[in-house]
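*Asks:* pasted the sequence and its predicted model underneath.
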Amino acid sequence: KSKKEDQKKIKERRSKENQRKIKRKSKKEDQKKIKERRSKEDQRKKINQINESRNKKRRNFLGVIR
């Protein structure tokens, strides 16, 4: 009887540890996704800034020609 109880306790402990591992893993993955999204947004912002400055220069240049 005690052997069965011991096995049961071991099983429960293992399942708890596994759940903790899964939680930790999913948290890490979430952080990774957030980081990737941020870097993509930053790249987009940089590209937009570059394009805006180019357009500004072009407009100014065209204004001088007219």
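*Replies:* Cool, got the structure.

*Asks:* please make it C-alpha for all contacts and neighbour counts, starting now.
*Replies:* Fine.

*Asks:* show me where pLDDT drops low in this structure?
*Replies:* Within the chain, the segments meeting pLDDT under 70 span 1, 66.

*Asks:* go again with 80.
*Replies:* 1, 63-66 (pLDDT under 80).

*Asks:* what is the helix or strand where residue 50 lies packed up against?
*Replies:* Per DSSP states H and E, residue 50 falls inside helix 2-65. Packing contacts for helix 2-65, counted by 3 or more C-alpha pairs under 8 Å, 6 or more residues apart in numbering; DSSP states H and E, involve no helix or strand.

*Asks:* start at 30, not 1
*Replies:* Okay, residue one is now 30; in that scheme the one you just asked about reads as helix 31-94.

*Asks:* so how far is it off the chain centroid?
*Replies:* The chain centre lies 0 Å from the centre of helix 31-94; the measure is C-alpha atoms, centre = their mean, to the nearest Å.

*Asks:* and what of stretch 88-95?
*Replies:* For stretch 88-95, the distance to the chain centre is 43 Å (C-alpha atoms, centre = their mean).

*Asks:* got the CA positions of it in PDB?
*Replies:* In PDB, the C-alpha atoms belonging to stretch 88-95 read as follows (Å, rounded to 0.1, in the frame of the first residue of the first chain):
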ATOM      1  CA  ARG A  88       9.900  68.400 -52.300                       C
ATOM      2  CA  ASN A  89      12.400  71.100 -51.400                       C
ATOM      3  CA  PHE A  90      14.400  70.500 -54.500                       C
ATOM      4  CA  LEU A  91      11.300  70.500 -56.700                       C
ATOM      5  CA  GLY A  92      10.200  73.700 -55.000                       C
ATOM      6  CA  VAL A  93      13.600  75.300 -56.000                       C
ATOM      7  CA  ILE A  94      13.200  74.300 -59.600                       C
ATOM      8  CA  ARG A  95       9.700  75.700 -59.900                       C
END
